[in-house]
Structures are given as C-alpha cells and as structure tokens.
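Trainee: structure, please.
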Amino acid sequence: MPTDPSASSTRHPGGCLQPVLLRGRVDHIDGATGELLHRYTTVYEPGGVLPIACKTRRASKCPPCAEVYRADTYQLIRAGLSGGKGVPETVTAHPCVFTTLTAPSFGPVHVQRERDGRLLRCRPRRRGQVCPHGNRLSCPERHSRDDARLGEPLCPDCYDYTSAVLFNACAPELWRRFTITLRRSLARQAGLTNKALAAQVRVSFAKVAEYQRRGIVHFHAIIRLDGPTGPSTAPPAWATVALLTAVIDQAARTVHLETPAVADLPARTLAWGREIDTRPVTTTGELTDSKVAAYVAKYATKAAECTGTLDRRLSPGDQLDALLIRDHARRHIAECIRLSKLPGLEGLRLAAWAHMLGFGGHFSTKSRAYSTTSRRAARRPHCLPARASRRRRAPARHGRRRDCRRRLALCRARVPAVLATGRRCGVTRFLLTVPEAAESLAISRSKLYELIAAGLIRSVRIDGSRRVPVEALKTYIAHLLDQEETTHAQAS
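Mentor: Model (predicted):
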C-alpha cells in the first residue's frame, strides 16, 4: 500500500505533517447473502492514495496531531474537575487535590532558583568543596530558564546514572504501588477495612508524566474522592481534602521498590523523593480547574526532548558518540544499553527505551471513573459530514448500502502489489506473514504450510513467528511457470 505522490496532489488530513498513505479498497458485504453492497477504493483519491493522520501525541514529531491530543486531554481532565462530557457538575464539590511526586536526588545538578521573582545563585558554598574526581561541588552563577547547563551534573563521574535509569524504568510500577497504598492508607485512616472502604468511597485519578531537565520523570496527578459508584455520587462527610492530603503524603513516603541483585549490580531500593507537593483544586481559588487541565494537557504532548536526547528509537546503525545529543543524555543512554545486557533485567526493556532514558510507561493515564472514556466518539459525528463532502467515492455496483446490522466490512489490503513492488506503507518489505503470502498466491494458509513443509517455498522463523521472503514467492512462481512450459512442450 505504498505510494510516492507529490505533496501538492495529496491532501493531508488535519494538517498532519507525516500522514500514513494507504492504497487499497474496502468492500461492504452482506453477511447473510455475500452480496457486495458498496465498495470504496483509493483509485479515485488524489494520487491514488488515502492519507490518514499519524495521530502522534508528540509535538516534536507532528504539531497538528499533537494539538488534537492536547485538546482531548484538556477536555478529559477538565470534565473530571468541573463536570461535563457525561460527568455531573456536582463533582466540583468532591474533595480533589493536585499532587506532584518527584524523584530522589542522584547527584547535584545545575538548577534555577528563584525567590520573589529574583534569581538566586545555583549552588553557593562558602567552602570550596570538591568531589573525589576534583570537580567543584558549588556553582555561584544565576541560571536563566534557557541555560543549556540546567540539569547537567556538577560532576558526571559522581552522578548515579544506574539508579537514575532504574528509577525511570520502575516509575510506572512505583505509581501502581502508590495507588494501591493510597487506598489502603485511606481505609486505615477512616477505621475501615478495604472492602468497607470500597462500599463508601472510590478513589479516581488522572496523571501525566513530565521529564525534568536532569532526565528523570516525575508525575503530576489529580486525585479525587467520589462515592462508591463514581462521580455521580457524593463521598461521605468524613472524606475531606485534609484527609486526602494526609494519606497521599503517607502513601508516597511509604511506597518503595526493591530492584533485583544481578551480576556486578547489588539490589537497590527505589522510592519517591522528599519533595511532595499537594494542593487542593477548586473552581475559584489559586489552583482552578482550568489551570490544572491546561497544565496537564501541555505535558501530555511532550516527551524527553527537553533533556537533550533523541526523539526516536535507537537503530542498530547508530553510533552513540556521533549522535547530536547532550553528554548527560548520552551517559543515560549508554547506561541503559549496559544494564539491558545484564541477566535479570531483561523485563525492563532498557535497550528499547534507551532514547527515553529508560522510561517506558504511559505519559497520560486515568482511572476508569475519573471522567469520560474517549473524545473520539464525540468528535466523529462532526467529522463525518466534512469527510463525506470532500471525498469522492467509487460508484457502487450493486446499489446503495442496505441493512447496516447485516454488513460485514472487509478491508482487503492489496498484498499482490506488495509482492510486485516489495513495498508497503512507504517501507520496503522483504518478508511477509503467512496470511499475506497466502493471499498473494491466491491459496489458503493450510496449502501454503504444505508447500513450506515440502520445501517448495522457503521461509524463516523470527522469535517463533513464521515469515516468507518475497523472493521465495517469486522463485516459486517462476518454478510453476517453468513446469507449465515443460508440460506444454512435452504435450506438443
């Protein structure tokens, strides 16, 4: 389903800068009779392709698609604070706080300090202390917000990159344990069992991950207390903001995680940092619902680019020393690669998430009952009329669409085109899956497996998955053509 159309002949949906270009057709078939009801094909599209938005959330990759993600996140967060989108407005009376869980210190770094709008010195020291490597552990300068040294360690050799990478990798698990401990602490403070608490109170939350300049993630979370069925019911009178603030602080200081001891790496205890900020969210106070929603939505479209690292995955051909990244990020990536080779840490997938400095979790998550599930369903009725007016559809051969409940939509990719060109979605394809190879030969999968078992079609296995080279299919077709010619020659 590849193409290489000119930019002027392709319409990019929503202003997407890197759309996915599809080529093929969609057949709408009656599930009962097998009759073709309607057919859509990209032949009638400009350039013969259908551009689909990439829908990435990262503003560094595609700002228009990231803006849609940011706007959706804003609506989801604000609906859980002030109501709307299926959430009753009475939710504004529920106890709700905005909390920030930070990481511990892994070594002194350059920071920006302010007091009453006045810049302070980074790390003033009266005595000129030096580290074992001979570097000064003080910085008398006043750093601005755009200073490139922010987040850089005062001594890279003293900085604990191992613990920093492990914290990033284990941060999602720390958050999971925090939510569990939070409910248990709330039950203990209320003098209830966990089962009795669930019958009276439900803890709802939404959180977003943010990278600090030093390359460590920390979480901003909106935590709310509801009734047992969610935002539609009020919590009991004893569930107050003060109680919620106290149990958050207790849970954050209690949760910890033990990393396994592996070769040349002792076990480590990971926990949240000492700086835990929890403030109430109101509709008229200093921290309003609109400010919180805008703040959380802003970071939902960001990743680790503020740390000076890559905005893509590492490829096998990348030379770490040749990458145009900060030295601090380079050391993080190097430590991710080193730790990924140690037995016992394979489950962290540090090599796959090295460009994210070890963090492989979701950037924006919420509990089930916090607010509405999705904004796409609400946006679809407004998008369909505009799409219908712009798109030219292929003429239906067998009349208009019939009973929608009996339709079976089959999206058939043009695998023969992949076989002929070796490309699909703009990427060169050297291997095909078994269903793709079977469809390209117009045979069943069982027949293809018989040919593979007989040695007539060569195949390879990748991590237990069977793949068929494109060249093997071409060789088999050429073999069939030679047999056909030989048979005709003998018959004549």
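Trainee: what's the longest helix in this structure?
Mentor: helix 161-190 (DSSP state H).
Trainee: show me what counts as buried in that one.
Mentor: Within helix 161-190, the residues that count as buried by 16 or more other CB atoms under 10 Å are 161, 163-172, 174-175, 177-179, 181-187, 190. Glycine gets a C-beta too; all of them are placed from N, C-alpha and C.
Trainee: give the contact list for the closest residue to Arg326 other than its chain neighbours.
Mentor: Closest residue to Arg326 apart from its sequence neighbours, by CB to CB, 6 or more residues apart in numbering: Gly308 at 3.2 Å. Gly308 makes contacts with 325-326, 328-329, as judged by CB atoms under 8 Å, 6 or more residues apart in numbering.
Trainee: mind doing that once more with 6 Å?
Mentor: 325-326, 329 (CB atoms under 6 Å, 6 or more residues apart in numbering).
Trainee: selection in PyMOL covering whichever of the residues you listed are buried, please.
Mentor: Of those, the buried ones go into a single PyMOL selection, burial set by 16+ other CB under 10 Å:
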select buried, resi 325+326+329
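Trainee: mind listing which of the contacts of Gly308 are in helices?
Mentor: Using DSSP H, the contacts of Gly308 in helices are Ala329.
Trainee: stretch 356-364: which residues count as buried?
Mentor: For stretch 356-364, by 16+ other CB under 10 Å, it's 356-359, 361, 363-364.
Trainee: for the longest helix of the chain, name the packing helices and strands.
Mentor: In this structure, helix 161-190 packs against helix 241-254, helix 327-340, with contacts taken as 3 or more CB pairs under 6 Å, 6 or more residues apart in numbering; DSSP states H and E.
Trainee: deepest in the core, which of these is it.
Mentor: helix 327-340 (a mean of 20; mean count of other CB atoms under 10 Å).
Trainee: hmm, who's touching that helix?
Mentor: 152, 161, 165, 215, 307-309, 345, 350-351, 354, 357-358.
Trainee: ok, which pair from those residues is furthest apart?
Mentor: Glu152 and Leu345 (26.5 Å; CB to CB).
Trainee: any weak-confidence spans in the stretch 1-150 of the chain?
Mentor: 1-14 (pLDDT under 70).
Trainee: if you could redo that for the stretch 301-450 of the chain, that was the one I meant.
Mentor: Looking at the stretch 301-450 of the chain by pLDDT under 70, you get 373-428.
Trainee: the strands in it, which residues?
Mentor: Ranges of strands in the stretch 301-450 of the chain, per DSSP state E, counting those that start in this stretch, are 364-366, 407-413, 423-424, 427-428, 431-433.
Trainee: quick check: Ser364 vs Thr301, distance?
Mentor: 9 Å (CB to CB, to the nearest Å).
Trainee: circling back: and which of the contacts of Gly308 is nearest to Arg118?
Mentor: Using CB to CB, the contacts of Gly308 come closest to Arg118 at Arg326, 28.1 Å.
Trainee: for Thr307, see how far away the closest one is.
Mentor: Taken as CB to CB, the span from Arg326 to Thr307 is 7 Å.
Trainee: with Asn168 instead?
Mentor: 11 Å.
Trainee: for Ile443, same thing?
Mentor: Distance from Ile443 to Thr307, by CB to CB: 52 Å.
Trainee: what about those two, which has more around it?
Mentor: Thr307 (21 against 13; other CB atoms under 10 Å).
Trainee: neighbours around the nearest residue to the more buried one once chain neighbours are set aside, how many?
Mentor: Excluding the flanking residues, the one nearest Thr307 by CB to CB, 6+ apart is Gly215, at 4.3 Å. Neighbour count of Gly215, defined by other CB under 10 Å: 31.
Trainee: begin at 58 from here
Mentor: Sure thing, new numbering starts at 58, so read that last one as Gly272.
Trainee: let me know the secondary structure of Gly272.
Mentor: coil (DSSP: H, G, I helix; E, B strand; the rest coil).
Trainee: now the helices for the stretch 58-207 of the chain?
Mentor: 120-139 (DSSP state H, counting those that start in this stretch).
Trainee: tell me the domain boundaries of this protein?
Mentor: 58-120+430-469, 145-163+217-368+418-423, 471-549 (automatic domain parsing).
Trainee: okay, the ones you listed, which one's buried deepest?
Mentor: Comparing the domains of the chain by mean count of other CB under 10 Å gives domain 145-163+217-368+418-423 as most buried, with a mean of 18.
Trainee: got the end-to-end distance for that one?
Mentor: One end of domain 145-163+217-368+418-423 to the other measures 18 Å (CA to CA, to the nearest Å).
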